[in-house]
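Visitor: A structural model of the following input is requested.
(chains A and B)
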Amino acid sequence: MKKLMMTAAAAAVAIVATGFSATAAEKLKVGFIYLGPVGDLGWTYMHEVGRQALVKELGDKIETTYLENVSEGPDSERSIEQLARTGHQLIFTTSFGYMDPTLKVAKKYPKIKFEHATGFKSAPNMGTYSGRFYEGRYIQGVIAGKMSKKGVLGYIASFPIPEVISGINATILGAQTVNPDIKLKVIWVNTWFDPGKEADAAKALADQGADVIMQHTDSPAAMQVAAQRGIYAFGQDSDMIKFGPKTQLTAIVNNWGPYYIRATKAALDGSWKAGDTWDGLKEKMVLMAPYTNMPDDVKALAQKTEAAIVGGTLHPFKCPVLGQDGKAVECKGGANLDPGQILGMNFYVKGVDDKIPGK
Amino acid sequence: MGLLEAIIISVIAASTPLLLAAAGELVVERSGVLNLGSEGMMIMGAACGFAGAWLTGSTFIGALFGIAAGCALSLVFATLTLGLAVNQVAAGLALTILGVGLSGLIGAGFVGEKIVPAPHLYLPVLTDLPVVGKILFGQDGFVYFSVALVAAIWWFLYHTRAGLVLRAVGDSHTSAHALGYPVLKIRLLAVLFGGGCAGLGGAFLPLAYTPFFIPGMTAGRGWIALALVVFSSWMPGRLAAGAYLFGAVTILQLHAQAFGLGIPSQLMTALPYLATVIVLVLISRARGSAGSVAPASLGIVFVPDR
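Guide: Next up is the predicted model:
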């Protein structure tokens, strides 16, 4: 009953949130489906920043609409279809859980172009796009390994999907390069957004000895807990330095704007094709916030690591990658794990002291 | 600070917003009104509470803003359900949607701002006592107030004439009306009280728990508060037990995960709900009062005929 009511409330909120678009004929209508509120300062906020960049660049040729607070899963299908029915020709669905609903709507509306973020299913009129966030995670791992005095890192994880798991793996692989005995404690909160719970998880990790906290959830709550405890943390999705001026080491910043502009331009000139975009630090879809609150040698190491990833001389998942049991994982990509193995990652690497939920 | 002490402090903090909102709702339901708008009143309390604290720099004034916001929203509900005899379930759900939307609008300007979190009590010697010092004498004002509130509600309901009248109104509004009690006026006061409590519970989140405001930050706590009222079979003591139990299992499952016990996290996440429901149902059965303990007039619209 509770779930039902929340869903009903969320759906109603989503409907209330429509109607931000200006009316003008002949303009390409571009729609966005957001998971959280645009003010979450994390995942959804950065998509909104991307949308604003798009409006700034192409505002005279397009009009945009967004629906916020759209729950993942079957319920999102209605919201996506609502955009499709109201004349939107290009629709970005910005969370993993919209994958199947987007596919369903895309099949129903073959003339409308769909772009789904962070998933792995596509159609002739449904492309996918995502960032190589694991590259940033690897750098964070290197920094965390250096900065942790106790050798214990705390990781607040959301849902056991490949993107989150590859983030955990990249973090510990990075940390192991500077401290082979590093420990990583993982707490799954099974939510993307619940500031209170994120704070509770951060407190639990800190109470159990973790002195660098990182998160794959969307609010700055963990950063604030770390600030109160006098330990370090990383920002997530956006630069959260405001919430921890003496706490944030760096942050992975999701930079969607250039991609939204590129895809929309292609839709405008008719060259749009369902693609499979997966850009990282090199293409600047993933950016690192300034390296702060660390000694110069750690900063230099972080910058060196970043440069090596950008230059292509370092790959976070360079083979051999050892599984949790210590055996090397089959390496389908030659020198490195192949993109499919990273995008579908469902195993932990050696050194992660946790079990993947549901495995 | 030992691990046990740290866990207990986290548990109390996690339980407090639930306890505040649920205590208010308990009084509302005891008067025979079902207000499903807890979530909306809480998030309004969070937005306005943060706004108040940010503008004045005072947690106390922020808390008052939160209470006022909750009351204001509950007044909308009272107007609809008591004044216009609208269906309470529909009005309550609408109230949540209104609150979530309105709080986003009010709070939009405050997203990304920071405030100083609520001060914690410090008594020399007492607060420094090992283990119990910080738990008993080092909390913020919300925690002490929530405990006092539940005690006061218990005393009011069972030891005052006014409490007896309120319960009578909830159990049979027709009889209470026939005896000359102002049913709608009593319900109005109860609804306003519940709104204030929910607003305060919501304000606790940005003022003390995570000192910033983000739209939707109550994340379903209003619904949990509603469920706690039902499972406590409308009794203040059980309500407190249920709220702390829920908070305790929530925090313990996080610690269990950090220890690496290897229990599936989905099960862990469900555990607070399961444990609270099971324990409260068991208590009810043990007391032999599992049957119809709900206020008999709960959710039924009352229109005085003369």
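Visitor: Write down the beta-bridge partners of the closest residue to chain B within the stretch 151-300 of chain A, one by one.
Guide: Relative to chain B, the nearest point of the stretch 151-300 of chain A is A:W188 (3.5 Å; CB to the nearest CB). Just so you know, the C-beta spots here come from the backbone N, C-alpha and C atoms, and that holds for glycine as well. Applying DSSP bridges to A:W188 gives these bridge partners: A:A157.
Visitor: can you give me the helices in the chain?
Guide: This is for chain A. Remark: helices assigned in chain A by DSSP state H are A:2-16, A:43-58, A:76-85, A:99-108, A:133-147, A:162-176, A:195-207, A:221-229, A:257-269, A:296-311, A:339-343.
Visitor: wait, I meant chain B there
Guide: B:3-30, B:38-56, B:59-78, B:88-107, B:132-137, B:141-159, B:161-171, B:173-178, B:183-204, B:221-231, B:236-259, B:265-286.
Visitor: give me phi/psi at the closest residue to B:V111 other than its chain neighbours?
Guide: Computed as CB to CB, 6 or more residues apart in numbering or on different chains, the closest residue to B:V111 that is not its neighbour in sequence is A:G39, at 3.9 Å. With angles defined as degrees, to the nearest 10, A:G39 sits at phi -90, psi 20.
Visitor: is it true that A:G39 touches B:F212?
Guide: No. Applying CB atoms under 8 Å, one finds A:G39 not in contact with B:F212, separated by 10.6 Å.
Visitor: re earlier: among the helices of chain B, which is the most enclosed?
Guide: The highest mean neighbour count among the helices of chain B, using mean count of other CB atoms under 10 Å in any protein chain shown, belongs to helix B:38-56: a mean of 30.
Visitor: sorry, back to before: who has more neighbours, A:G39 and B:F212?
Guide: Between A:G39 and B:F212, counted using other CB atoms under 10 Å in any protein chain shown, B:F212 has the larger neighbour count: 25 against 22.
Visitor: need the contact list for the more buried one.
Guide: B:F212 sits next to A:P195, A:P220, A:A221, A:Q224, A:F243, B:F50, B:G112, B:E113, B:K114, B:I115, B:P206 when contact means CB atoms under 8 Å, 6 or more residues apart in numbering or on different chains.
Visitor: Make JSON lines out of the residues you listed and add distance to A:V212 and pLDDT.
Guide: Shown next, in JSON lines, are the contacts of B:F212 (distance: CB to CB, whole Å; pLDDT from 0 to 100):
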{"residue": "A:P195", "distance to A:V212": "20", "pLDDT": "91"}
{"residue": "A:P220", "distance to A:V212": "16", "pLDDT": "90"}
{"residue": "A:A221", "distance to A:V212": "16", "pLDDT": "92"}
{"residue": "A:Q224", "distance to A:V212": "15", "pLDDT": "92"}
{"residue": "A:F243", "distance to A:V212": "16", "pLDDT": "91"}
{"residue": "B:F50", "distance to A:V212": "29", "pLDDT": "96"}
{"residue": "B:G112", "distance to A:V212": "24", "pLDDT": "80"}
{"residue": "B:E113", "distance to A:V212": "26", "pLDDT": "84"}
{"residue": "B:K114", "distance to A:V212": "22", "pLDDT": "84"}
{"residue": "B:I115", "distance to A:V212": "26", "pLDDT": "87"}
{"residue": "B:P206", "distance to A:V212": "26", "pLDDT": "94"}
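Visitor: Can I get the residues you listed in CSV including distance to A:V55?
Guide: CSV is the format used below for those (distance: CB to CB, whole Å):
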residue, distance to A:V55
A:P195, 28
A:P220, 26
A:A221, 30
A:Q224, 31
A:F243, 27
B:F50, 29
B:G112, 21
B:E113, 25
B:K114, 29
B:I115, 32
B:P206, 30
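Visitor: Filter those residues down to the buried ones and hand me the PyMOL line.
Guide: To isolate the buried members of the contacts of B:F212 in PyMOL, using 16 or more other CB atoms under 10 Å in any protein chain shown:
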select buried, (chain A and resi 195+220+221+224+243) or (chain B and resi 50+112+113+115+206)
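Visitor: which among the contacts of B:F212 gets closest to B:S103?
Guide: Checking the contacts of B:F212 against B:S103 by CB to CB gives B:F50 as the nearest, at 9.7 Å.
Visitor: Could I get the helices of chain A in JSON lines, plus columns for distance to chain B?
Guide: JSON lines is the format used below for the helices of chain A (distance: least, CB to the nearest CB, whole Å):
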{"stretch": "helix A:2-16", "distance to chain B": "4"}
{"stretch": "helix A:43-58", "distance to chain B": "9"}
{"stretch": "helix A:76-85", "distance to chain B": "15"}
{"stretch": "helix A:99-108", "distance to chain B": "19"}
{"stretch": "helix A:133-147", "distance to chain B": "16"}
{"stretch": "helix A:162-176", "distance to chain B": "12"}
{"stretch": "helix A:195-207", "distance to chain B": "4"}
{"stretch": "helix A:221-229", "distance to chain B": "4"}
{"stretch": "helix A:257-269", "distance to chain B": "19"}
{"stretch": "helix A:296-311", "distance to chain B": "25"}
{"stretch": "helix A:339-343", "distance to chain B": "22"}
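Visitor: rank the ones you listed by pLDDT, which is bottom?
Guide: Mean pLDDT per stretch puts helix A:2-16 lowest among the helices of chain A, at a mean of 45.
Visitor: quick revisit: and which of the contacts of B:F212 is nearest to A:G334?
Guide: Nearest member of those to A:G334, counting by CB to CB, is A:P220, at 39.7 Å.
Visitor: For residue 260, grab the count of nearby residues.
Guide: By default, I'm working from chain A. 26.
Visitor: my bad, the chain I had in mind was chain B
Guide: For B:G260, using other CB under 10 Å, the count is 16.
Visitor: I'd say it and A:Q208 touch.
Guide: No. Counting by CB under 8 Å, B:G260 sits too far from A:Q208 to count as a contact (9.8 Å).
Visitor: Spell out which residues are contacts of both of the two.
Guide: Common neighbours of B:G260 and A:Q208, using CB under 8 Å, 6+ apart, are A:K185.
Visitor: ok, A:A53 to A:T94 distance?
Guide: A:A53 sits 14 Å away from A:T94, going by CB to CB, to the nearest Å.
Visitor: between these two, who's got more neighbours?
Guide: Remark: of A:A53 and A:T94, A:T94 carries more neighbours, 25 against 17, as counted by other CB under 10 Å.
Visitor: Pop out the phi and psi values for B:N35.
Guide: Per-residue torsions, B:N35: phi -110, psi 100 (degrees, to the nearest 10).
Visitor: pLDDT wise, what is it at?
Guide: Reported pLDDT at B:N35 in the predicted model: 95.
Visitor: for A:Y155, same thing?
Guide: Value for A:Y155, per-residue pLDDT: 96.
Visitor: Ok, B:F204 next?
Guide: Looking at B:F204, its pLDDT is 96.
Visitor: Quick check: it touching B:L18?
Guide: No. Counting by CB under 8 Å, B:F204 stays clear of B:L18, with 9.8 Å between them.
Visitor: Could you check how far the residue nearest the centre of chain B is from B:F212?
Guide: Most central in chain B under CA atoms, centre = their mean is B:A21, positioned 1.1 Å from the mean C-alpha point. Distance, B:A21 to B:F212, by CB to CB: 20 Å.
Visitor: contacting residues for residue 201?
Guide: Reading this off chain A. With contacts defined as CB under 8 Å, 6+ apart, A:A201 is in contact with A:I156, A:I187, A:V189, A:A222, B:L254.
Visitor: hmm, I had chain B in mind actually
Guide: Per CB under 8 Å, 6+ apart, neighbours of B:G201: B:T16, B:P17, B:L18, B:L19, B:L20, B:A21, B:G24, B:M42, B:G45, B:R221, B:A225.
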